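1. With the sequence up front, the predicted model follows.
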Amino acid sequence: MTFTGLPAGSVALVGAGPGDPELLTIKAVRAIRRASVILADDLVSDGVLRFARRSARIVHVGKRGGCASTPQAFIEKLMLAEALKGEHVVRLKGGDPFVFGRGGEEAEHLRAHGVAVEVVNGITAGLAAATSLGVGLTHREHAHGVIFVTGHARADGTPMHWPTLGAAAAQGLTLVIYMGVAGIKGIRSGLLASLPASTPAALVQNASLPTQRHAVCTLETLVTTQRVEGIGSPAIIVVGDVLRGVSSVAEQALRHRAAWLDRTDGQRDAAPHNARRVARSGQRA
């Protein structure tokens, strides 16, 4: 069932992609334009919110590791309350709702209360990060698979076992680590138990956005590079042989991207920016 066919009092969990509004899917744009209430994550860019209609109410429900965040229980309660009022609700999430977006929990909560739910996929930040460097996450000669993993500890507080993940990467898999900057020292030391110090690595902050920054290094120099380059959250860490020779490729890719942004900035500035009532942390404006 498409979002336009969902009844009033429904919720669409919509992936906003990595930030560049040009990377939204057509289905995501349609859902955003139809929404009467939008609950937007902190990582959703203003360029994406421009697609909302003038009458839509936007509620910013910030969710970012290491920062003050709106409690997940509050977000689920608010979604349910708005849907039960008969609103067309869009829960707008950075990346993809089902890749470290807690979309599964939210869908279960809504369905348990009889609310119709649709999920609209988005481009996940890990894919956008690799693409921005001009490489793929898999490659016939370098990597036959990819692992998406969070740098956060498990729900019970148990940290990820990085030596095990490093051993998997040593078999020809690319590691894509989300939310790993805060724990980068432990990640590096754990991976070095299973991978050579010369293993290529990269950090990409704000992938796909004009503010994107990146650094290419080795596993040995990962922590030093992050500190010296000042790369902070939100950032993706990529580890694996797909990055071999990426420095020259990335420079070329970013030059093309800079030229593209110069061409499109004027078009975006000319796009109508709907003035809307905006709320923070679930409070009505």
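-> The structure has been received and is ready for your questions. Residues are numbered from 1 along each chain as shown.
2. all helices for the stretch 101-250 of the chain, in order.
-> Applying DSSP state H, counting those that start in this stretch to the stretch 101-250 of the chain gives helices spanning 103-112, 125-132, 162-169, 184-192, 222-229, 246-270.
3. Can you flag the weakest of these by average pLDDT?
-> Lowest mean pLDDT within the helices of the stretch 101-250 of the chain: helix 246-270, a mean of 51.
4. Asn206: what's it in contact with?
-> Asn206 sits next to 19, 212-213, 234-235 when contact means Cβ atoms under 8 Å, 6 or more residues apart in numbering. Backbone N, C-alpha and C define where each C-beta goes, glycine included.
5. Now that we have the residues you listed, which of them are buried?
-> 19, 212, 234-235 (16 or more other Cβ atoms under 10 Å).
6. need those in JSON lines with distance to Thr124 and pLDDT, can you?
-> Shown next, in JSON lines, are those (distance: Cβ to Cβ, whole Å; pLDDT from 0 to 100):
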{"residue": "Gly19", "distance to Thr124": "12", "pLDDT": "94"}
{"residue": "Gln212", "distance to Thr124": "16", "pLDDT": "96"}
{"residue": "Pro234", "distance to Thr124": "12", "pLDDT": "95"}
{"residue": "Ala235", "distance to Thr124": "14", "pLDDT": "97"}
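7. per-domain residue ranges of this structure.
-> As given by automatic domain parsing, the domain ranges for the chain are 9-123, 126-262.
8. Look at Leu78 and tell me its secondary structure.
-> Classification of Leu78 using DSSP: H, G, I helix; E, B strand; the rest coil returns helix.
9. measure it to Arg50 for me?
-> Distance check for Leu78 against Arg50: by Cβ to Cβ, to the nearest Å, it reads 23 Å.
10. Of these two, give the one with the bigger neighbour count.
-> Leu78 (19 against 14; other Cβ atoms under 10 Å).
11. follow-up on the earlier one: give me whichever of the domains of the chain is most buried.
-> Of the domains of the chain, the one with the most neighbours on average (mean count of other Cβ atoms under 10 Å) is domain 9-123, at a mean of 20.
12. chain center to that one, what's the gap?
-> Mean C-alpha position of domain 9-123 versus that of the full chain (Cα atoms, centre = their mean, to the nearest Å) differs by 13 Å.
13. can you tell me the distance between the two ends of that domain?
-> 27 Å (Cα to Cα, to the nearest Å).
14. what residue is smack in the middle of the protein?
-> The centroid of the chain falls nearest to Gly95 when counting by Cα atoms, centre = their mean (3.3 Å).
15. Tell me the predicted confidence for that one.
-> 97.
16. ok, now which ones touch it?
-> 15-18, 43, 101, 122-125.
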